[in-house]
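Asker: Generate a structure from the sequence data that follows.
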Amino acid sequence: MTMKYFKSGLLLSMALVSFSLMTSCADDLEVGKKIDESQYNKVLQNNAYLRDGKSNLSAPIVELYENSYTTSVKLNLTKPATTATSAKVAIDVSYLETYNQEHGTDFQLYPQELVSFDNGGIINFTEEKSGEVGMTITGGESVLEDQTYAIPVAITEPSSDFTVQNETAKHCMYLVKDMRNASDAYKGEDVVKGFLFFEVNGTNPLNAFSFELENGKLLWDVVVLFAANINYDSDAGRPFVKCNPQVQYLLDNNETYLQPLRKRGIKVLLGLLGNHDMAGLAQLSEQGAKDFAREIAQYCYAYNLDGVNYDDEYSKNPDLDNPAFDSPSTRAAARLCYETKRAMPDKLVTVFDYGRMYGTSSVDGVDADEWIDVVVPNYGGSASPIGNMTYKKLSLIHISEPTRPISI
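Answerer: Here you go, the predicted model:
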């Protein structure tokens, strides 16, 4: 009986509270007042944005291992088109300067005569959320090796059935590298890739050439120099990149020890991890991440490397009174990856799924798929996709032999 009485009393109380709230709200109700519906416009309208058809990225890296590369430009809508919809895409030369200024890069325009679109670049579709048109990028004698070119593709003739919110949504920036003379490691677009960590304190990275398949192709596609460190500069009051003598020797002599790998198609990444002080890869503030990302980009461009691998280990708790730091979190780690990709969009940003280095799916509304290229799980473990990522970016097998991880 007591329990039944308690329930009835509770329901009565809830009814009285609801009545009280309803009468209270009615006192502020203005009948006939015109409502400003502008805040709902973005919800009601059909927004469009461009992506690469193969990778679904807004700034895909295209490597020309053969004389031509075929993909598609994809127009996506936030909701299905209600009628027959069309739009035209073309190269927007003027946008390249804006993109370079925004990212601090100096990419050159890829020769326009080497780029072609099917159907004159016109995309047609009906009652669907996306449509695409074929695009072919052809190699040419004027294209230089070891240089990143850009192809800024834009919606040039939008339909009245959808809206393009901003310049980022309007464009898809293709970053093109000529790899036709570095094809020994190329085994096909969808073939499993080998990702090798070299403990460089006692191993020459050129040993990667020792592993070949029966067809003569090189086994390893990526080599990580393990490892440089993030450390704290107490005089400057900021984190910085510190290289031990062995890592610095390889960088200083990269034409002898690193570029031969790259010339045969093996990508070379600089590994980074903590080093027993309060500077850590997963505990930088927004400004701290921007500053450190710019320093990483300087290393990659100066020493002609293909990117970076971040590993969140061996760091102490930071001084939160220092504006360069934030509380350790996957959010802070994601910010560093995001800022690194912005600072070097034509390079690889990869992570070792350990500590807090991986787990946050977006930064400033940008999906993780746009700023993480490869995820390597811990020994014997596995990682799951986040955001729009697929398993194509995640290691399937992870072993240690004899002291450093090998991922496939």
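Asker: Please count neighbours and contacts with C-alpha atoms only from this point.
Answerer: Noted.
Asker: how distant is stretch 187-204 from the center of its chain?
Answerer: Distance of stretch 187-204 from its chain centroid, counting by CA atoms, centre = their mean, to the nearest Å, is 20 Å.
Asker: now the strands: where do they sit in the stretch 301-408 of the chain?
Answerer: Secondary structure of the stretch 301-408 of the chain (DSSP state E, counting those that start in this stretch): strands at 307-311, 348-353, 362-363, 366-367, 374-377, 398-400, 405-407.
Asker: Highest mean neighbour count out of those?
Answerer: Compared across the strands of the stretch 301-408 of the chain, strand 307-311 shows the largest average neighbour count, a mean of 26 (mean count of other CA atoms under 10 Å).
Asker: which strands and helices sit next to that one?
Answerer: Other helices and strands packing on strand 307-311, by 3 or more CA pairs under 8 Å, 6 or more residues apart in numbering; DSSP states H and E, are strand 267-274, helix 286-302, strand 348-353.
Asker: Ok, which of these comes nearest Asp364?
Answerer: For those, the distance to Asp364 is smallest for helix 286-302, at 11.2 Å, taking CA to CA.
Asker: Would you indicate which residues of the closest one are buried?
Answerer: If you call a residue buried by 16 or more other CA atoms under 10 Å, then helix 286-302 has these buried ones: Glu286, Gly288, Ala289, Lys290, Asp291, Phe292, Ala293, Arg294, Ile296, Ala297, Tyr299, Cys300.
Asker: with those residues in mind, which one is nearest to Asp52?
Answerer: Ala297 (24.4 Å).
Asker: In this structure the closest one contacts Cys337, no?
Answerer: No: contact criterion CA atoms under 8 Å: Ala297 and Cys337 do not qualify, at 11.7 Å.
Asker: and Ala90, how many neighbours?
Answerer: Residues near Ala90, counting by other CA atoms under 10 Å, number 20.
Asker: Okay, and the beta partners of it?
Answerer: Ala154 (DSSP bridges).
Asker: That one touches Pro158, doesn't it?
Answerer: No: if you go by CA under 8 Å, Ala90 and Pro158 don't touch, sitting 11.6 Å apart.
Asker: helix, strand or coil for Thr98?
Answerer: Judged by DSSP: H, G, I helix; E, B strand; the rest coil, the three-state class of Thr98 is helix.
Asker: What pLDDT does the model give it?
Answerer: With respect to pLDDT, Thr98 has a value of 96.
Asker: still on that earlier bit, can you list the helices and strands packed on strand 307-311 in TSV and add mean pLDDT and distance to Arg180?
Answerer: Formatted as TSV, the helices and strands packed on strand 307-311 follow (pLDDT from 0 to 100; distance: least, CA to CA, whole Å):
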stretch	mean pLDDT	distance to Arg180
strand 267-274	98	14
helix 286-302	98	21
strand 348-353	97	19
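Asker: So for Ser142, which of those sits nearest?
Answerer: helix 286-302 (22.0 Å).
Asker: where do the helices sit along the stretch 51-200 of the chain?
Answerer: Secondary structure of the stretch 51-200 of the chain (DSSP state H, counting those that start in this stretch): helices at 95-103, 167-170.
Asker: still on that earlier bit, nearest to Ser68, of the strands of the stretch 301-408 of the chain?
Answerer: Using CA to CA, the strands of the stretch 301-408 of the chain put strand 348-353 closest to Ser68, at 22.3 Å.
Asker: Only alpha carbons, please: show the closest one as PDB.
Answerer: C-alpha atoms of strand 348-353 as PDB (Å, rounded to 0.1, in the frame of the first residue of the first chain):
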ATOM      1  CA  LEU A 348      50.900  11.800 -44.300                       C
ATOM      2  CA  VAL A 349      49.600  12.300 -40.700                       C
ATOM      3  CA  THR A 350      49.600   8.900 -39.000                       C
ATOM      4  CA  VAL A 351      49.000   7.800 -35.400                       C
ATOM      5  CA  PHE A 352      49.900   4.900 -33.100                       C
ATOM      6  CA  ASP A 353      46.700   4.000 -31.300                       C
END
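Asker: So which residues make contact with that strand?
Answerer: 269, 306-312, 337, 340-341, 357-358, 371-378, 383 (CA atoms under 8 Å, 6 or more residues apart in numbering).
Asker: Next: stretch 72-82.
Answerer: Contacts to stretch 72-82, defined as CA under 8 Å, 6+ apart, come from residues 46-54, 123, 126-136, 161-162.
Asker: No further questions, thank you.
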